[in-house]
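Enquirer: Please find the sequence and the predicted model below.
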Amino acid sequence: MSLLYKADRDRGREWRALFAELAPDIEFRLWPEIGPPDDVRYLAAWQIPPDLLASLTKLEVLFSTGAGVDQFDLASLPPQVKLVRLIDPGIIAGMVEYVVWAALTLHRDMPDYLLAQREGRWAPLPLVPAQRRRIGVMGLGELGRAALAALRPFGFQLAGWNRSPRPIEGVRGFVGQAELPAFLGECDIFVCLLPLTAETRGILCRETLALLPKGAGLVNTGRGGHLVEADLLAALDSGQISAAVLDVAAEEPPAEGHPFYSHPKILLTPHIAAMTHAETAVRVVLDNIRRHESGAPMHGLVPRERGY
Ligand code: NDP
Ligand code: OXD
């Protein structure tokens, strides 16, 4: 039985070493050395070259090497192939660090202070106590829930918005489109941790940004496709949004000269909020392969029709 790995090659070498140690019965193949394609039962990939799937006639499971699956063209995935996303403690830990850093950065007005420092100004702003700051998270999945749990000890007023009810202690819950305006109206800082689907594409747009309290801060660690970039720039210009921390962009990397690189109210990072580490990810994938082989349900199995 073999698994083909098609993602970052350096990380692939780490995966190969771990597979050799932990699962010598599985032949690990590192793209582009795919060997006989009809031996491949498992594919672990971030992006899939066109035509690859058609050659893997015995493929049983496609494992995303990340938490999301929006990078795949699901229409080209044969219906019998199971699709599994990565629910990985390493990704969760990375995202928690990033969201806490981003929320505190906005809470403590760091974009203003960075600008003041560069301009040689000593300009203290009022310090808002955490108890008076309202932080909302969109998407209460693995990552959204972990981020909220890490923000709780600071004493912020926390809220969460989700497709289905997900009660979380210490967090005001809002559900579905009908409650989106009420949720947004209570976010001084809000964090997008949604998956990118037909329903969530463009969800951060002029209409929704206008529902936030004036001067709110935005964190997008979901996908670039959630945000209508021109609408954010307009909201920053008008002061409707005071600052944004963005880890993702519609086009990655954004083209040279893109306003996100130089905007004084935007902190941009290159899609590094969380990263997949071989040490944790390989164990998760192996556990799922063993589950699949024994007929047990895999963790992170994606219902195709739902798209996340
Ligand atoms: P999950 O699938 O665990 O959670 C997604 C959550 O979003 C679920 O709670 C789901 O609701 C909710 N949701 C889905 N669609 C809607 C909708 N239309 N309206 C409201 N809520 C909705 O995903 P994760 O938490 O693991 O990951 C979330 C996303 O984070 C990934 O898809 C990826 O885009 C992004 N990500 C970014 C990274 C980075 O480095 N920047 C790293 C890793 C992930 P329900 O409970 O009802 O299903
Ligand atoms: C992921 C990502 O989905 O890194 O894991 O964005």
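Expert: Yep, that arrived. Ligands and ions are numbered 1, 2, ... in the order given.
Enquirer: contacts and neighbour counts: CA atoms only from here.
Expert: Fine.
Enquirer: What's the separation between residue 153 and residue 140?
Expert: For residue 153, the distance to residue 140 equals 18 Å [C-alpha to C-alpha, to the nearest Å].
Enquirer: Helix or strand: which one has residue 173?
Expert: Secondary structure from DSSP states H and E places residue 173 in strand 171-175.
Enquirer: can I get the CA coordinates of the helix or strand of the chain with the lowest mean pLDDT in PDB?
Expert: Between all helices and strands in the chain, the lowest mean by mean pLDDT, DSSP states H and E belongs to helix 52-55, at a mean of 94. C-alpha atoms of helix 52-55 as PDB (Å, rounded to 0.1, in the frame of the first residue of the first chain):
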ATOM      1  CA  LEU A  52      -3.100  13.600 -11.300                       C
ATOM      2  CA  LEU A  53      -6.400  12.400  -9.900                       C
ATOM      3  CA  ALA A  54      -7.300  10.700 -13.100                       C
ATOM      4  CA  SER A  55      -4.200   8.600 -13.000                       C
END
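Enquirer: how about that helix: buried residues?
Expert: By neighbour count on 16 or more other C-alpha atoms under 10 Å, the buried set for helix 52-55 is residue 53.
Enquirer: Measure how far that helix is from the centre of its chain, please.
Expert: Counting by C-alpha atoms, centre = their mean, to the nearest Å, helix 52-55 is centred 27 Å from the centre of its parent chain.
Enquirer: list the helices and strands the helix or strand just after it packs on?
Expert: Using DSSP H and E, the next helix or strand after helix 52-55 towards the C-terminus is strand 61-64. Applying 3 or more C-alpha pairs under 8 Å, 6 or more residues apart in numbering; DSSP states H and E, we find strand 61-64 packed against strand 40-45, strand 82-84.
Enquirer: Adding distance to residue 52 and mean pLDDT as columns, could you present those strands in TSV?
Expert: Below are those laid out as TSV (distance: least, C-alpha to C-alpha, whole Å; pLDDT from 0 to 100):
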stretch	distance to residue 52	mean pLDDT
strand 40-45	10	98
strand 82-84	16	98
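Enquirer: how about the strand holding residue 173 as PDB, C-alpha atoms only?
Expert: Extracted as PDB, the C-alpha positions of strand 171-175 are listed here (Å, rounded to 0.1, in the frame of the first residue of the first chain):
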ATOM      1  CA  VAL A 171     -19.200  33.200  25.100                       C
ATOM      2  CA  ARG A 172     -22.400  34.800  23.800                       C
ATOM      3  CA  GLY A 173     -23.600  32.700  20.900                       C
ATOM      4  CA  PHE A 174     -25.100  34.000  17.600                       C
ATOM      5  CA  VAL A 175     -26.400  31.600  15.000                       C
END
